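have a look; sequence and predicted model below, questions after that.
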Amino acid sequence: MTPIKACIFDLDGVIVDTAKFHYLAWRRLAQELGFDFSEEDNERLKGVSRMDSLNILLEIGGVELDDAKKEELAQKKNDWYVELISDMDESEILPGTTEFLTMLREAGIKISLGSASKNARTILTKIGLIEMFDAIVDGTHISKAKPDPEVFLLGAKELGVEPNECVVFEDAFAGVEAAINAGMYVIGIGSKETLHRANDVVASLAEMTLDRLVK
Ligand code: BG6
Ligand code: MG
């Protein structure tokens, strides 16, 4: 049994409920382009980078655009998203998160963020949790999107631990795959159906205990 030295957390949908704001901003863009975008379609965007998300959205709507126009639309979506999260505070933290992070710190287990979002630091600051993290790896540091393991491997490196000493928390299918590809134990947050590839699944971090980190 390998002792667990670090936990790496995805942000959107694990620590904070921002998925609804991403969805509202993408749906607004879809409607402006003349098609509808369902919550079911939105599942495909979870954990996926901003530009990859736009490409999926355009594919759903059957819309083809050049790169310059895509840059413009990705920026527009982000402006709306940033506006939607502008009033965000600690009330948006998902159940059990602060308690579990505190438990880890007290147990001497290191904590990193492993998120695709370029808005991660802003969000962690707004919800008052930024000080809890020993390392923050986000969309501004990585060149390969989940399911590539880059984001999690970089987190382990920043913390000075081996991949097999880390546990990853993820709510997205692509994120679970990224953790598996990194050689890390992964706990899914959400439904067992969507996250069936994870080693363990909990409904929220409120269910987490230190014992559950052991493989
Ligand atoms: C991920 C979200 O965490 O970050 C995706 O699950 C989002 O929905 C991605 O597209 C990129 O986020 P941002 O804030 O850089 O547009
Ligand atoms: Mg997520």
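Nice, I can see it. Ligands and ions are numbered 1, 2, ... in the order given.

only C-alpha atoms for contact and neighbour calcs from this point on.
Will do.

how many neighbours does the residue lying closest to A6 once chain neighbours are set aside have?
Using CA to CA, 6 or more residues apart in numbering and skipping residues adjacent in sequence, the residue nearest A6 is K110, 4.4 Å away. K110 has 23 neighbouring residues, counting by other CA atoms under 10 Å.

got it, and G62?
Summarising burial for G62: neighbours were counted as other CA under 10 Å, giving 9.

how long is stretch 123-136 end to end?
According to CA to CA, to the nearest Å, stretch 123-136 extends 12 Å from its N-terminal end residue to its C-terminal end residue.

hmm, it in reach of ligand 1?
No: Stretch 123-136 does not reach ligand 1 (CA under 6 Å from any ligand atom); its nearest approach is 9.2 Å.

and what of stretch 4-22?
Yes: in terms of CA under 6 Å from any ligand atom, part of stretch 4-22 sits within range of ligand 1, namely L11, D12, H22.

next, the second one: phi, psi?
When you say that, I think you mean D12. As for D12, its main-chain torsions (degrees, to the nearest 10) stand at phi -70, psi 120.

how many residues are close by it?
A count of neighbours around D12, defined by other CA under 10 Å, yields 23.

contacts only, for it.
Contact criterion CA atoms under 8 Å, 6 or more residues apart in numbering gives T18, A19, G47, S115 as the residues in contact with D12.

one more: the last one?
The contact partners of H22, by CA under 8 Å, 6+ apart, come to Y81.

please name the nearest non-neighbouring residue to K126.
For K126, the spatially nearest residue (CA to CA, 6+ apart) is D89, at 5.5 Å.

for the one you found, grab the count of nearby residues.
Here the neighbour count serves as a burial measure; for D89 (other CA under 10 Å) it reads 15.

ok, N199 - contacts?
With the criterion set at CA under 8 Å, 6+ apart, N199 makes contact with Y185, V186, I187, G188.

the residue lying closest to the first one once chain neighbours are set aside: what secondary structure?
So that's Y185. Take Y185 and drop its neighbours on the chain: the residue closest to it by CA to CA, 6+ apart is V167, 4.9 Å away. Using DSSP: H, G, I helix; E, B strand; the rest coil, the three-state assignment for V167 comes out as strand.

ok, what's across the strand from V167?
With DSSP bridges as the criterion, V167 is bridged to C7, Y185.

thought the residue nearest to K126 was touching I127?
Yes: with contact defined as CA atoms under 8 Å, D89 and I127 form a contacting pair (4.6 Å).

mind checking which helix or strand of the protein has the lowest mean pLDDT?
When each helix and strand of the chain is scored by mean pLDDT, DSSP states H and E, helix 39-42 comes last, with a mean of 92.
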